[in-house]
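S.K.: Sequence first, predicted model second:
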Amino acid sequence: MILVTGGAGFIGSNFILDWLSHNDEPVLNLDALTYAGNLHNLASLKGDPRYTFVHGNIADASLVAGLLSRHAPTAIINFAAESHVDRSIHGPEDFIQTNILGTFRLLEAARAYWSSLPKGNAFRFLHISTDEVFGTLSPADPAFDEQTPYQPNSPYSASKAASDHLVRAYHHTYGMPVLTTNCSNNYGPYHFPEKLIPLVIHNALQGRPLPIYGDGQQIRDWLYVRDHCNAVRRVLEAGEPGQTYNIGGLNERTNLEVVTLLCDILDERRPKADGTSYSHQITYVTDRPGHDRRYAIDARKIQEQLGWRPAETFDSGIRKTVEWYLENQAWVKDVTSGNYRHWIEKQYA
């Protein structure tokens, strides 16, 4: 059995579905079910004896210790995190509590559990992080690699940087078999509609403005979520303890390019009754404070050492993503609660 934390969130739920589609090793999912945690993401696993869900927080040390003792997992994959930059700007406290304190308590419980195992046990602790810990790049700068110094620029990225340092320290100090991955911007099925791609799809279909920060020239490296899941499985299988691995989609695009492409695909797949393009709904809004200009991932290490490469191009991945949202409007309706609408109204006023 493996323990997945934050497994009801966007990436975590995709990982669990991907994991169980490739092997029969059971999964224990621990999730606090904050606003972005959605058990409907995993509805297809209902009744599957390989899957167990526990409602709880990684900061609950006694709960985590009890789970480790009872279920004896071979690995912990830590997806649990507060992850939205805009929310961290308005309310950083939750990010400190979950991303720093929560990771610390999870590490402490894992260390006690690992120390109790027979010598030579193959236990691993895999921590999922982000490229945002590296800060921002100019257009001419080389992409982030595993040696790039940390320069986080938001409360979110600062809290993730702190958690990364804790994970590294537990290997250096205690010898714990930890691994860390730093990924670029994910997209795909089950993405909560506050992030750019699902927000644009949802707003376009609802006839609402498609908000773009500033001039829309911020650049991100886009990674299809199932490619990310494949990379995480590969790192868990063959990564060297104590090492970090950058995972990127090799798809740098400006935000404006992404939104324009989404409008083009929706014009083709779900044309408006009046014949106009969804691009007419694009609206430029005031840029957010401290908005990083460019992220880019150098993924040569994982490619050369572990043999992983993304299977999807941006064009193929984004088309699969749009099709999924068009086919799963009931899921979208379910997650777009009143609280979500109030958040969007506040953020993009």
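M.R.: Yep, it's here. Numbers count the residues shown, from 1 in each chain.

S.K.: Now find how far off-centre stretch 95-111 is within its chain.
M.R.: Stretch 95-111 sits 17 Å away from the centroid of its parent chain (Cα atoms, centre = their mean, to the nearest Å).

S.K.: can you list contacts of it?
M.R.: With contact meaning Cβ atoms under 8 Å, 6 or more residues apart in numbering, stretch 95-111 is reached by 5, 32, 57-61, 64-65, 68, 76, 78, 80-82, 87-88, 125, 127, 155-156, 159-160, 162-163, 166-167, 170, 174, 176. From N, CA and C alone the C-beta is placed, and that goes for glycine too.

S.K.: Helices of the protein, residue ranges please.
M.R.: Per DSSP state H, the chain carries helices over the ranges 10-22, 61-71, 85-90, 93-95, 103-116, 155-174, 196-206, 225-238, 255-269, 300-306, 314-327, 329-335, 338-347.

S.K.: Pull out the buried residues from the fourth one.
M.R.: If you call a residue buried by 16 or more other Cβ atoms under 10 Å, then helix 93-95 has these buried ones: Phe95.

S.K.: same thing with the third one?
M.R.: Buried residues in helix 85-90, counted by 16+ other Cβ under 10 Å: Val85, Asp86, Arg87, Ser88, Ile89.

S.K.: any chance of these in CSV, plus distance to Val133 and pLDDT?
M.R.: Putting these into CSV (distance: Cβ to Cβ, whole Å; pLDDT from 0 to 100) gives the following:
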residue, distance to Val133, pLDDT
Val85, 12, 77
Asp86, 17, 75
Arg87, 17, 81
Ser88, 13, 80
Ile89, 17, 84
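
S.K.: Between those, which sits nearest Asp48?
M.R.: Here the nearest of the buried residues of helix 85-90 to Asp48, counting by Cβ to Cβ, is Arg87; it sits at 32.2 Å.

S.K.: distance from the centroid: which residue in this structure tops it?
M.R.: Asp274 (36.7 Å; Cα atoms, centre = their mean).

S.K.: And the pLDDT for that one?
M.R.: In this model, Asp274 is scored at 95, pLDDT.

S.K.: dump the residue contacts of the nearest residue to Trp324 once chain neighbours are set aside.
M.R.: The shortest distance from Trp324 to any non-neighbouring residue, by Cβ to Cβ, 6 or more residues apart in numbering, is to Pro189 (4.4 Å). Shown in contact with Pro189 (Cβ under 8 Å, 6+ apart): Asn14, Val225, Thr321, Trp324, Tyr325, Asn328.

S.K.: For Leu326, see how far away Pro189 is.
M.R.: 11 Å (Cβ to Cβ, to the nearest Å).

S.K.: Poorly predicted segments of the stretch 201-349 of the chain, please.
M.R.: Across the stretch 201-349 of the chain, the ranges flagged by pLDDT under 70 are 337-349.

S.K.: Go ahead and confirm Phe15 touches Gly6.
M.R.: No: Phe15 lies out of contact with Gly6 (Cβ atoms under 8 Å); the separation is 9.4 Å.

S.K.: Which neighbours do the two have in common?
M.R.: Common neighbours of Phe15 and Gly6 (Cβ under 8 Å, 6+ apart) are Phe79.

S.K.: count of residues packed around Ser44?
M.R.: Per other Cβ atoms under 10 Å, the neighbour tally for Ser44 reads 11.

S.K.: mind checking how far Asn185 is from His191?
M.R.: Going from Asn185 to His191 by Cβ to Cβ gives 10 Å.

S.K.: So which of the two has more stuff around it?
M.R.: Between Asn185 and His191, His191 has the larger neighbour count (other Cβ under 10 Å), namely 24 against 21.
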